[in-house]
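J.: Sharing a model that was predicted from the sequence below.
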Amino acid sequence: MKLNSGMFFKITAASSLLAAILFLGACSSDIEQPDPNLNIAYGTASPAQVLDLFLPEDSGGGNPADTVVLYIHGGAWVTGDKADSPVDEIRRIAAAKGCVAASMNYRLITMANNTVHCDDMLNDIDLAIRCIKDRTASLGLGINKLVLVGVSAGAHLSLLYAYQHAEGDSPAPIPIVLCISLSGPTDFTDPAWYTGMPVDPVIPSIQDDLKFPLISALTGEQFTPDDIQAMQEDSIDAGKRDALLKISPVHHVTGKVPTTILAHGQKDGIVPFSNAERLKAKLDDAGVAPVPPKDRLTVFPNSGHTLAGDPDKLEVLFDVINEYIGNL
């Protein structure tokens, strides 16, 4: 993908803004991690292809773990790390239920001379899952269930990977039984993704024109505001339409995708709340089982992208996750 000089200037000037706002939190974990299972390489294409593995204390006992909970960080597809919050909470939930937990880094977009696209990130997830399967098997664990938990950009990748590998000739190396999205983008054909969103109460709303370079980098196609206008008028180039559909989880929903839990702030100025509504409606129409007796979408009415405005809702959400994982 080639970027013109004006676009490169905007991207360079805004890189720190992007790094700060398109993911939930950036608080490093303060819990000691077992060194032998830290920074495990799962690929050879990039130093970013590493993961951390956290084993439950009784994993070698008479009731071995059979479920792994994999956390995928956010960061606008350009930044972020496997130690970013809320990985600690995910680890605690997994440990309390006797599950293995994991957290992975993946290749990121570099806006100048970018060579990393969405397919590369999805391939990293696949490689990481294979590594987790092999590593846990070598430890005598028969892992046969996978829970994906993603935040923002990581939630987008979690949903897209889970839905693309739910059926067909390329199932996930470990069957995915649950996918959890915290503030994740779901539909890049949604006009609200590009404009018309509220100002986030915690972090500033991203400039709309900065989203086009991100979408261009993810797809390998060059997108401009004119393309989005053409899409709304149903006159967009067919190749560009297909590129947007390919990276939009909502357009991969079938009745066979895993149970999905969504959490989204109604005041999200980064990823529009309508993205969560669109995916929920598609899952409902497809007959995908919700999390009984809970709604599949936890709405945070006072929150933006970080979900920080509704701490009581966050507690409810983690209770739902905890309950569901406990019943796997």
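T.: The structure has been received and is ready for your questions.

J.: Which other helices and strands does the longest helix anywhere in the chain contact?
T.: For the chain, the helix that runs over the most residues, judged by DSSP state H, is helix 118-138. Contacts defined by 3 or more CB pairs under 8 Å, 6 or more residues apart in numbering; DSSP states H and E place helix 118-138 against strand 50-54, strand 67-72, strand 100-104, helix 153-164. For the C-beta atoms, the positions are set from N, CA and C on the backbone; glycine is no exception.

J.: Tell me which of these sits nearest to residue 263.
T.: Residue 263 lies closest, by CB to CB, to one member of those: helix 153-164, at 9.0 Å.

J.: And the helix or strand hosting residue 313, what's buried?
T.: Following DSSP states H and E, the helix or strand that holds residue 313 is helix 311-326. Buried positions in helix 311-326, judged by neighbour count with 16 or more other CB atoms under 10 Å: 313-314, 317-318, 320-322, 324-325.

J.: same check, this time on stretch 252-266
T.: When burial is assessed from 16+ other CB under 10 Å, stretch 252-266 yields the following buried residues: 252-253, 257-266.

J.: Which ones among the residues you listed lie within strands?
T.: Counted as lying in strands by DSSP state E, out of these, are 259-265.

J.: on that earlier part again, quick one: average pLDDT of the helix holding residue 313?
T.: Mean per-residue pLDDT for helix 311-326: 87.

J.: relative orientation of that helix and strand 67-72 in degrees?
T.: Helix 311-326 runs at 140 degrees relative to strand 67-72, counting by axes from the mean of the first three to the mean of the last three CA atoms, to 10 degrees.

J.: ok, residues contacting helix 311-326?
T.: Where contact means CB atoms under 8 Å, 6 or more residues apart in numbering, the residues beyond helix 311-326 that reach it are 67, 69, 89, 93-94, 96-97, 99, 147, 149, 178, 180, 259, 261, 263, 291, 294, 298-300, 303, 307.

J.: From these, list just the buried residues.
T.: Among the contacts of helix 311-326, the ones that count as buried (16+ other CB under 10 Å) are 67, 69, 93-94, 97, 99, 147, 149, 178, 180, 259, 261, 263, 291, 298-300, 303, 307.
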